[in-house]
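Undergrad: Return a 3D structure for these sequence lines:
(2 chains)
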There are 2 protein chains.
Amino acid sequence: MSTYPNMQNQQTNIVRSEPLIARAEALKPRLSSREVGMRGLIEVQADPQALHGWRTKRIAGAEGLNERSFGKGDSAIVDFGDHRVGYLSLNVSPVGSPPDAPLKLKLTFGEMPVEMAEPFSSYDGWISSSWLQEETLFVDVLPARLELPRRYSFRYLKLEVLDTSQKYKVRFDSLRVRTVTSADASAVRPLESDDPMLAEIDRVSIRTLEDCMQDVFEDGPKRDRRLWLGDLRLQALANYETFRSSDLVKRCLYLFAGLPDEQGRVSANLFIEPKLIADDTYLYDYSLFFAASLFDYWEATGDRVALLELWPTARRQVESALEHVTDGLVKDSDSWWSFIDWNPDLNKQAPTQGVLIYVLKRALKLAEAVGGEEGATCAETWTEAVRQAEKAAVEQLWDAEQGFFVSGEARQVSWASQVWLALAETLPQEENRALLLRLLEKKPIVGMTTPYMVHHLVEALLVAGLREEAVRQLKTYWGGMIEDGADTFWELYDPQDKNFSPYGSHLINSYCHAWSCTPTYLIRRYGL
Amino acid sequence: MSTYPNMQNQQTNIVRSEPLIARAEALKPRLSSREVGMRGLIEVQADPQALHGWRTKRIAGAEGLNERSFGKGDSAIVDFGDHRVGYLSLNVSPVGSPPDAPLKLKLTFGEMPVEMAEPFSSYDGWISSSWLQEETLFVDVLPARLELPRRYSFRYLKLEVLDTSQKYKVRFDSLRVRTVTSADASAVRPLESDDPMLAEIDRVSIRTLEDCMQDVFEDGPKRDRRLWLGDLRLQALANYETFRSSDLVKRCLYLFAGLPDEQGRVSANLFIEPKLIADDTYLYDYSLFFAASLFDYWEATGDRVALLELWPTARRQVESALEHVTDGLVKDSDSWWSFIDWNPDLNKQAPTQGVLIYVLKRALKLAEAVGGEEGATCAETWTEAVRQAEKAAVEQLWDAEQGFFVSGEARQVSWASQVWLALAETLPQEENRALLLRLLEKKPIVGMTTPYMVHHLVEALLVAGLREEAVRQLKTYWGGMIEDGADTFWELYDPQDKNFSPYGSHLINSYCHAWSCTPTYLIRRYGL
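TA: Numbers count the residues shown, from 1 in each chain, chains lettered A, B, ... in the order given. Take a look at the predicted model:
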């Protein structure tokens, strides 16, 4: 995700903890590489029925490229057969007279057909056009082996010869992608489910997670290529069920813990290069998720050393969140931001109340695990905080007439509010189940826009024992992405508005996005 | 220069002489480097009185750049104070929040203000747009030191930030050009002339030559960056009077001699990288100039070993040229091409006849120097060939009524025909002088378009003893370039049509061009 500028907070001072950062750096993974060649040539054709209005048509096998020569204005689209994250290299050779002018070559990389079909110059969204993956190269000496230094995230590559000279053309061959990941595919156990659709969803989930696992858990290898706490939490859950690289989770938790601000809050995301920097973005829900993620890590690994070293950070996030709570209720104010979902109409109060309760319940288990006087005190305090927060939710946010939680002054009824307060098990099990069934039936207008939000719906259904409904949602939503052509799962998918982008253009969306990789977790953890 | 496609000859087979090539490679010069910083910031302003309609205005010193921060759409034009050939490096640093998206940066390099003012996308000429010097870079990690791998030829650099993000801007500092040349400035003797204008013309000539002296004598460091025989001959003449790097001339002569075609002809130009290749372009005049260049080298150095090793190549060029001669006259046919000048209306027969006589007179001196039976035979044959060629010129090309040489079936009267037949001293001295004075007075319509051609006019005037007229031409033409803003002398300059380009746009012209560097030779050799 990208943060709106108004989410940022310029007045933060970071208090680095070198011992915690050193722990994280010692866990830096080695990336493994694989050489992948092209699979064929495609064309992109307009098709109103296809996602974004474009479908691909295979026009030649891998050998088809070598047979063509390219003069000024000629182009081809290469298909690498699946989503790839890595480094491109290729040979380019002259045909005809000796090259008497440089070659001017444009390369356009795309995760999706639309990136091959619609010119990047048409992009006019609010986040940077610099995310659109392209290069214009001048090659002074031919033949040449081009080894591009930047990492790209793509399946398709458009080669466009912008100019040669009247005396020569060029040929391309030996296109290679050196893929990179820190995930170890051999660690993944075979899936037990015998449902072929779930098996396919599981496979694509794992590919998505694999391509996001680099030096850290990235949110998306195309964009933002960055460690976000909200994504990390979900990646870690999927990772425990698949690649089991718990050291990478540990590394990321230590990185966040190593860079708190002077109030002790962890940032919503970190920059790793050129040096470790905490972004000046603080999100209420994301900070809290540090505690939830530590709980998940502890549960998955039983790593007591890490638990004790990271506990103060987790505790501080909870305490900081509680500062915005009055009489058990998260105040609806501008003094904090939650992300929750990419829905500009969404009031964040009630879903944030759900996040608070959800995290408090895990934080108090962390406190119990820590033990001693400090642990006992925290557990006691937070047990009371949960009681008050649940009471406040029921007394102040529950609209008995509608049978829904409402949010903010305008008493907004949204999917997000029901999902988070259900996932937090605010109501007794039977009422929780009834709430979710009512949600699925009534379909409030203020909907969900991201796989991140839909994940929480599906998990809430599973927690409420609504297994069939959960599987149906999973198949409809992630299965829908596969039907619409997903090689990896996307940052954004709204079946009602398939061109949706919070950034102003589907060109800039990320089509391999960490927070969308969770079906493998849901399928494997809940034995679907 | 660039060759028209129809100058090329696809059917050539090159017969490499490895011993000659090895000699050349052993003479490969070491390039010397110098670090040059920026001198200030400029703006380019429309001015109908200025060359190409643009003049520069200095708006800040070198420190002015560091003080500015650049967001999306911001730009600046940096002035490096003089023409530079070399490699650019610069620092770019973020300002504001941590960079949450790559920087997209465009760099445009220009030898002239017009390259800063008119967008390269407006270029629509017939030679490759890939010569226009620009780069679009994506910088993933900031701050960064950018070290551009390509060599550029420029004085001005436009920095354009195409995109950052809403959260950060950038600053630039420590811009450096690492200039490269194989010329040794310390070898140049002070000029004896006390004419300040000639001194300035001499200085700019030497700068031009210096920037064209690289691994080989290049025609122009912006375009074509290549070893052309016609340029080499003039560069060598200027070089003997200035940098005195006779080894570089020797290297280039051996390179041409090492790559004849199966008829023994030397190509008009050579590619040096990625390996030595003779271009498939053969020009009647350029091939002949191999013999003239060897004569000049022999005269400058007395290097008898090189004379004897290169003599067979020189001899073969002359013999090959004579194959197109009938009864002393170069046939006006499509079986050969001469360059002579960039004037599409020019008939090449008479000027080529002049080139032939000019070269024959030097070739027979080479033959005499070689001596022995072979030398004596050649000298005798070529003495007769000169006699016949001069006779044919006077009998068949001289139009007594007009007092001019005519060329081709249409009996065209051009500057080029008079200049070359005068420079070749086809007529007795008095008549030669009268011809040139008549030329200056009558000004035939078919004129001169390049400094290359004007050089031959000035030297013809000097040979004919018309010193005053020669100096006047020199000052008018090369002095005119200086008045029009030349830091180095240009590939093309037509005082009557200052936007002239044989390529369809003044954007693509080279503004530091070897064949324009000869005033230093003319001034110093003839003691002007």
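Undergrad: count of residues packed around A:Asp215?
TA: Applying other CB atoms under 10 Å in any protein chain shown, we find 17 residues neighbouring A:Asp215. In short, each C-beta sits where N, CA and C put it, glycine included.
Undergrad: okay but it is in contact with A:Pro29, surely?
TA: Yes - counting by CB atoms under 8 Å, A:Asp215 does reach A:Pro29; the two are 6.8 Å apart.
Undergrad: Need the overlap of contacts for the two.
TA: When contacts are counted by CB atoms under 8 Å, 6 or more residues apart in numbering or on different chains, A:Asp215 and A:Pro29 are jointly contacted by A:Ser182.
Undergrad: my read: A:Leu436 touches A:Leu461, true?
TA: Yes - because the distance of 5.8 Å satisfies CB under 8 Å, A:Leu436 is recorded as touching A:Leu461.
Undergrad: Between those two, tell me which one has more neighbours.
TA: Applying other CB under 10 Å to A:Leu436 and A:Leu461 shows that A:Leu461 carries more neighbours, namely 28 against 24.
Undergrad: shouldn't the more buried one be in contact with A:Leu437?
TA: No - under the criterion of CB under 8 Å, A:Leu461 is not in contact with A:Leu437, lying 9.2 Å apart.
Undergrad: Quickly list what's touching both of those two.
TA: Here A:Leu461 and A:Leu437 have A:Glu469 as joint contacts, going by CB under 8 Å, 6+ apart.
Undergrad: helix, strand or coil for A:Arg176?
TA: Taking DSSP: H, G, I helix; E, B strand; the rest coil as the rule, one finds A:Arg176 in the strand state.
Undergrad: tell me the contacts of it?
TA: If you count contacts by CB under 8 Å, 6+ apart, A:Arg176 has them with A:35-37, A:88-90.
Undergrad: pLDDT value on it, please?
TA: Here, the pLDDT recorded for A:Arg176 equals 98.
Undergrad: Then A:Glu491?
TA: Predicted confidence (pLDDT) for A:Glu491: 97.
Undergrad: Beta-bridge partners for A:Gly96, please?
TA: Using DSSP bridges, the beta-bridge partners of A:Gly96 come out as A:Tyr168.
Undergrad: export stretch A:453-469 as PDB, just CAs?
TA: Taking Å, rounded to 0.1, in the frame of the first residue of the first chain, the C-alpha atoms of stretch A:453-469 are listed here in PDB:
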ATOM      1  CA  MET A 453     -10.300  -6.900   4.200                       C
ATOM      2  CA  VAL A 454     -11.800 -10.000   2.600                       C
ATOM      3  CA  HIS A 455      -9.300 -12.100   4.400                       C
ATOM      4  CA  HIS A 456     -10.600 -10.900   7.700                       C
ATOM      5  CA  LEU A 457     -14.200 -11.600   6.600                       C
ATOM      6  CA  VAL A 458     -13.300 -15.200   5.800                       C
ATOM      7  CA  GLU A 459     -11.400 -15.700   9.000                       C
ATOM      8  CA  ALA A 460     -14.300 -14.200  11.000                       C
ATOM      9  CA  LEU A 461     -16.600 -16.700   9.300                       C
ATOM     10  CA  LEU A 462     -14.300 -19.500  10.200                       C
ATOM     11  CA  VAL A 463     -13.900 -18.300  13.800                       C
ATOM     12  CA  ALA A 464     -17.700 -18.200  14.000                       C
ATOM     13  CA  GLY A 465     -17.900 -21.700  12.700                       C
ATOM     14  CA  LEU A 466     -19.400 -20.700   9.300                       C
ATOM     15  CA  ARG A 467     -17.100 -23.000   7.400                       C
ATOM     16  CA  GLU A 468     -19.300 -23.400   4.300                       C
ATOM     17  CA  GLU A 469     -19.800 -19.600   3.900                       C
END
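Undergrad: What is the neighbour count of the residue nearest to A:Asp345 when sequence neighbours are not counted?
TA: Distance criterion CB to CB, 6 or more residues apart in numbering or on different chains; nearest residue to A:Asp345, sequence neighbours excluded, is A:Val446 at 5.6 Å. A count of neighbours around A:Val446, defined by other CB under 10 Å, yields 16.
Undergrad: quick one, strands of the stretch 201-350 of chain A?
TA: Listed in chain order, the strands of the stretch 201-350 of chain A (DSSP state E, counting those that start in this stretch) span A:227-228, A:269-271, A:277-278, A:325-326, A:329-330.
Undergrad: Go through these and name the closest to A:Lys104.
TA: strand A:269-271 (33.4 Å; CB to CB).
Undergrad: Check which helices and strands the closest one is in contact with.
TA: For strand A:269-271, the helices and strands in contact under the criterion 3 or more CB pairs under 8 Å, 6 or more residues apart in numbering or on different chains; DSSP states H and E are strand A:227-228, strand A:277-278.
Undergrad: and of these, who's closest to chain B?
TA: When the helices and strands packed on strand A:269-271 are compared for distance to chain B using CB to the nearest CB, the nearest one is strand A:277-278, at 4.8 Å.
Undergrad: Please name the strands paired to the closest one in the sheet, noting orientation.
TA: The pairing partners recorded for strand A:277-278 under DSSP bridges are strand A:269-271 (antiparallel).
Undergrad: What are the contacting residues of the partner strand?
TA: By CB under 8 Å, 6+ apart, the residues outside strand A:269-271 that reach it are A:216, A:219, A:224, A:226-229, A:255-256, A:259, A:276-279, A:281, A:286, B:98-100.
Undergrad: Could I get the buried residue list for it?
TA: By neighbour count on 16 or more other CB atoms under 10 Å in any protein chain shown, the buried set for strand A:269-271 is A:269-271.
Undergrad: Surely A:Arg223 and A:Cys512 touch.
TA: No - between A:Arg223 and A:Cys512 there is no contact under CB under 8 Å: 9.8 Å.
Undergrad: More neighbours: these two, which one.
TA: Looking at A:Arg223 and A:Cys512 with other CB under 10 Å, you find the greater number of neighbours at A:Cys512, namely 33 against 29.
Undergrad: What strand or helix carries A:Leu437?
TA: In this structure, A:Leu437 is located in helix A:429-442 according to DSSP states H and E.
Undergrad: what pLDDT, on average, does the helix or strand that that helix is followed by get?
TA: Past helix A:429-442, heading to the C-terminal end, the next element that is a helix or strand (DSSP H and E) is helix A:451-463. If you average the pLDDT over helix A:451-463, you get 98.
Undergrad: next SSE after helix A:451-463?
TA: By DSSP H and E, the next helix or strand past helix A:451-463 is helix A:467-483.
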